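Peer 1: what follows is a predicted protein model with its sequence.
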Amino acid sequence: GGIITQTPKFLIGQEGQKLTLKCQQNFNHDTMYWYRQDSGKGLRLIYYSITENDLQKGDLSEGYDASREKKSSFSLTVTSAQKNEMAVFLCASSPGLGLYAEQFFGPGTRLTVL
Amino acid sequence: GQQVKQSSPSLTVQEGGILILNCDYENDMFDYFAWYKKYPDNSPTLLISVRSNVDKREDGRFTVFLNKSGKHFSLHITASQPEDTAVYLCAAGVGGSAKLIFGEGTKLTVSS
């Protein structure tokens, strides 16, 4: 078995602030993902990475940067937090390079922007 | 536009009943279809998935039906139980791309 950890669990920021969310997995999975979860909108893909130093944009990449520093870690940066923004950011990982394998999700980081 | 769409934001069913959750998609290149289940304050977990080379897959009380010509797939749950109460997210994608597109979710409540 393995685990995905996300830090921090709760993140409170100010409008315009640059904020970084971190994700670690010990499954030794190749592919990692960042999703944003808003009420009534399901999960929207921000960035994904199929191997170390690879980055692929999802449908919601504007306003975000990401970095796959090593196979086990994938970080997401909100480049300029938007006032009154509230969302949960979920990290996931999956073995292999394609879609046919299950995605395993972390516990999430809950963002609030004041 | 929304590439994967769940038309029902919420659904309520009596315990023991049969229920059907629906999902429509736009991209006819999609060849992988999945249903994830999410309890409140928990992360999604894979419930069942199917590839496009079959039109049905059954796992206990859960069955996925795939209608490729209609760009539609559904999740059937039989003998529903209160512990089935959760948000169900459908997802689809092209197997070789690693990119999975999720629907908006259907909040299911099974009342006892």
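Peer 2: Cool, got the structure.

Peer 1: report the beta-bridge partners for residue 57.
Peer 2: Using chain A. Each beta-bridge partner of A:K57 is listed here: A:Y47, as defined by DSSP bridges.

Peer 1: can you look at chain B instead?
Peer 2: Under the criterion DSSP bridges, B:R57 forms beta bridges with B:V64.

Peer 1: now do A:S67, the pLDDT please.
Peer 2: As predicted, A:S67 sits at a pLDDT of 97.

Peer 1: tell me how far the residue nearest to it when sequence neighbours are not counted lies from A:L111.
Peer 2: Closest residue to A:S67 in three dimensions, ignoring its sequence neighbours and counting by CB to CB, 6 or more residues apart in numbering or on different chains: A:S75, at 5.0 Å. (Each C-beta comes from the backbone N, C-alpha and C, glycine too.) Counting by CB to CB, to the nearest Å, the gap from A:S75 to A:L111 is 14 Å.

Peer 1: what's the answer for A:F10, then?
Peer 2: Between A:F10 and A:L111 the distance is 8 Å, computed by CB to CB.

Peer 1: also B:E83?
Peer 2: As judged by CB to CB, B:E83 and A:L111 stand 30 Å apart.

Peer 1: neighbour count winner among the two?
Peer 2: Taking neighbours as other CB atoms under 10 Å in any protein chain shown, B:E83 and A:L111 compare with A:L111 leading, 20 against 8.

Peer 1: centroid-nearest residue for chain A?
Peer 2: What sits nearest the mean C-alpha location of chain A, by CA atoms, centre = their mean, is A:W34, with 2.8 Å.

Peer 1: no further queries at this time; thank you.
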